[in-house]
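Engineer: could you look at this predicted model? Sequence included:
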Amino acid sequence: KGKVIWAYDMFEKYGVDPVRTYILTKFAPGDVFSFDPDEIKDVINKLNIVWNVYRFAHMYMSLDKFDPRKYDLRTVLDNARPEDLWILSKFYTTLRAYDNFMEKYELHLASRAIFEYLIEYVSHRYIRLVRPRVWREEGDDKFIAYTVLYHILKESIKLLAPIIPHISEYLWQRFVKFYEPNECVSVHVSVLPQVVNEYIREDLEKMFDLIFEIYASVSSMRNSLGIKLRWPVKEVVIKLRDDKVVNELINYLDIIKFLVNSKEVKIVTELPATYLSDDYLVKDFNIFKICLSKAIDKELYYEGIAREIVRRVQVMRNKANLLVDDFIDLNITTDDPEIVEAVRVFNKFILSETRAKSLVNDVEDMYVVEWDLEGRKVVIGIRKSKT
């Protein structure tokens, strides 16, 4: 009568792990449920995000010849940044919740917990913060990030194993055993991680929740003004009522400045009248008030143009199938004087962010694309550098 969805048909169309994940995350065990094949597509999108987290880690770790056997987690934490300590803490609070859910046979809640951790906290937050660190050519700081990232991703595969047994086994073989050939033959015979209470910093987790709440609030304000996140703003002022929170949050100014892309960030308990003028957009949120500078001076404008150029070059690098560590020759051609000046002022920034050896005049053998940049025409050419 057409009232049955055959499991085999779903496996053939979407794959076993996506169907399994859909059922495990959507419904409590034993509940009667309505199966909607279209919702599996949302699950596949989530699995793709998780996949890209491991792809990102492996791409940079392998490039820099990272060997987790040479880096002890406890030792590197002495020089770790706040975001490293935070994501490690968040893993173990997630693990604690995961264990509690599993003990109660609440498989749907356990499944949601590990996916939320990998998607919301690792992909959307932590990787955003560490990406500039791993892009740098030299320094031990990137290896601290690698050590923490490898640890949480390796242990996360074990938590994923009951949910996506085939994908987790693939990740174990191609990711974990790539770096640790002597590890267990299969993730399904490995030992589940245990909660390490000394790594849990609930105060730090609360602080980062506040930081990302501020980031989301500033982003919505930028959107209302039509200012893209890639474009730097002159100033963001955050007013909080609690002196203690202000004093703690000041320790994370660099992180906030990076996330909201502002040249200056101030955290205050009293808001001077200066910030209530038409030069600022002011908005009240739950526990804070934010003043966002509307002014875009010439230097900020040129930096914004430079960032737009960088983004387009990165797109071109990807389409040209260039490796992450490949250097390029770069050509930027335009009749627009503002773009010319932006390229001149932010020449080093553009070269550094695109891994370009130099700006060249010839376009022979180049991959060339004409772009519309804020209503201005610019032609960009790239080719793999021979030197």
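Structural biologist: Yep, that arrived.
Engineer: centre of the chain to the helix or strand hosting Val315, how far?
Structural biologist: Of the helices and strands defined by DSSP states H and E, Val315 is found in helix 298-319. With CA atoms, centre = their mean, to the nearest Å as the basis, the distance from the averaged C-alpha position of helix 298-319 to the chain average is 19 Å.
Engineer: likewise for stretch 30-49?
Structural biologist: Chain-centre distance of stretch 30-49: 24 Å, with CA atoms, centre = their mean.
Engineer: may I see the buried residues of that stretch?
Structural biologist: Neighbour-count burial for stretch 30-49 flags 40, 43, 46-47 (criterion: 16 or more other CB atoms under 10 Å). For every residue, glycine as well, the C-beta is placed using N, CA and C.
Engineer: I'd like these as JSON lines, with secondary structure and pLDDT appended.
Structural biologist: As requested, the buried residues of stretch 30-49 are arranged in JSON lines below (DSSP: H, G, I helix; E, B strand; the rest coil; pLDDT from 0 to 100):
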{"residue": "Ile40", "secondary structure": "helix", "pLDDT": "94"}
{"residue": "Val43", "secondary structure": "helix", "pLDDT": "96"}
{"residue": "Lys46", "secondary structure": "helix", "pLDDT": "96"}
{"residue": "Leu47", "secondary structure": "helix", "pLDDT": "97"}
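Engineer: dump those to JSON lines, plus distance to Tyr98.
Structural biologist: Output for those, formatted as JSON lines (distance: CB to CB, whole Å):
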{"residue": "Ile40", "distance to Tyr98": "23"}
{"residue": "Val43", "distance to Tyr98": "19"}
{"residue": "Lys46", "distance to Tyr98": "17"}
{"residue": "Leu47", "distance to Tyr98": "18"}
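Engineer: tell me what the helix holding Val315 is packed against?
Structural biologist: Using 3 or more CB pairs under 8 Å, 6 or more residues apart in numbering; DSSP states H and E as the contact test, the elements touching helix 298-319 are strand 328-333, helix 337-345, helix 347-354, strand 367-373, strand 376-384.
Engineer: go with 6 Å
Structural biologist: In terms of contacts (3 or more CB pairs under 6 Å, 6 or more residues apart in numbering; DSSP states H and E), helix 298-319 is packed against helix 337-345, helix 347-354, strand 367-373.
Engineer: list of residues touching it?
Structural biologist: Judged by CB atoms under 6 Å, 6 or more residues apart in numbering, the contacts made with helix 298-319 from elsewhere in the structure are 230-232, 339, 342, 345-346, 349-350, 353-354, 369, 371, 373, 380, 382.
Engineer: now, which of those sits nearest Phe101?
Structural biologist: The shortest gap between Phe101 and any of these belongs to Arg230, at 39.0 Å (CB to CB).
Engineer: so Ala295 sits in a helix?
Structural biologist: No - applying DSSP: H, G, I helix; E, B strand; the rest coil, one finds Ala295 to be coil, outside a helix.
Engineer: next, it: phi, psi?
Structural biologist: Its backbone dihedrals place Ala295 at phi -70, psi 130, with angles given as degrees, to the nearest 10.
Engineer: leaving out the residues flanking it, which one is nearest to it?
Structural biologist: If you skip the residues right next to it in sequence, Ala295 has Lys234 as its closest partner in space, 5.2 Å away by CB to CB, 6 or more residues apart in numbering.
Engineer: I'd guessed that neighbour sits against Lys294; true?
Structural biologist: No - with contact defined as CB atoms under 6 Å, Lys234 does not count as touching Lys294 (8.7 Å).
Engineer: who has more neighbours out of these two?
Structural biologist: Lys234 (17 against 14; other CB atoms under 10 Å).
Engineer: what sits against Ala28?
Structural biologist: Listed by CB under 6 Å, 6+ apart, the contact partners of Ala28 are His108.
Engineer: against Glu106, how distant is it?
Structural biologist: Separation of Ala28 from Glu106 (CB to CB, to the nearest Å): 7 Å.
Engineer: dump the residue contacts of Tyr71.
Structural biologist: Contact partners of Tyr71, counting by CB under 6 Å, 6+ apart, are Thr147.
Engineer: er, Lys263 I mean
Structural biologist: 232, 234.
Engineer: can you pull out the strands in the stretch 151-300 of the chain?
Structural biologist: Remark: strands of the stretch 151-300 of the chain, listed N- to C-terminal, are 236-240, 265-268, 280-284, 288-293; assignment by DSSP state E, counting those that start in this stretch.
Engineer: mind listing what the longest one pairs with, with the direction of each?
Structural biologist: This means strand 288-293. strand 236-240 (antiparallel), strand 280-284 (antiparallel) (DSSP bridges).
Engineer: quick one: buried residues of the last one?
Structural biologist: Taking 16+ other CB under 10 Å as the neighbour-count basis, strand 280-284 is seen to contain the buried residues Tyr280.
Engineer: convert the C-alpha atoms of the strand or helix carrying Arg74 to CSV, please.
Structural biologist: Following DSSP H and E, the helix or strand that holds Arg74 is helix 73-76. Taking Å, rounded to 0.1, in the frame of the first residue of the first chain, the C-alpha atoms of helix 73-76 are listed here in CSV:
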residue,chain,number,x,y,z
LEU,A,73,49.6,16.9,26.3
ARG,A,74,50.3,17.7,30.0
THR,A,75,53.6,19.3,29.1
VAL,A,76,52.4,21.5,26.2
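Engineer: which secondary structure elements does it contact?
Structural biologist: Taking 3+ CB pairs under 6 Å, 6+ apart as contact, the helices and strands that helix 73-76 lies on are helix 141-160.
Engineer: name the residues that touch the helix it packs on?
Structural biologist: Outside helix 141-160, the residues that touch it by CB under 6 Å, 6+ apart are 57, 61, 66, 68, 71, 73, 76, 80, 84, 88, 91, 98, 114, 118, 130, 133-134, 168, 171-172, 176, 187, 190, 192-193.
Engineer: neighbours of Ile5, how many?
Structural biologist: Burial measure for Ile5: 10 neighbouring residues, criterion other CB under 10 Å.
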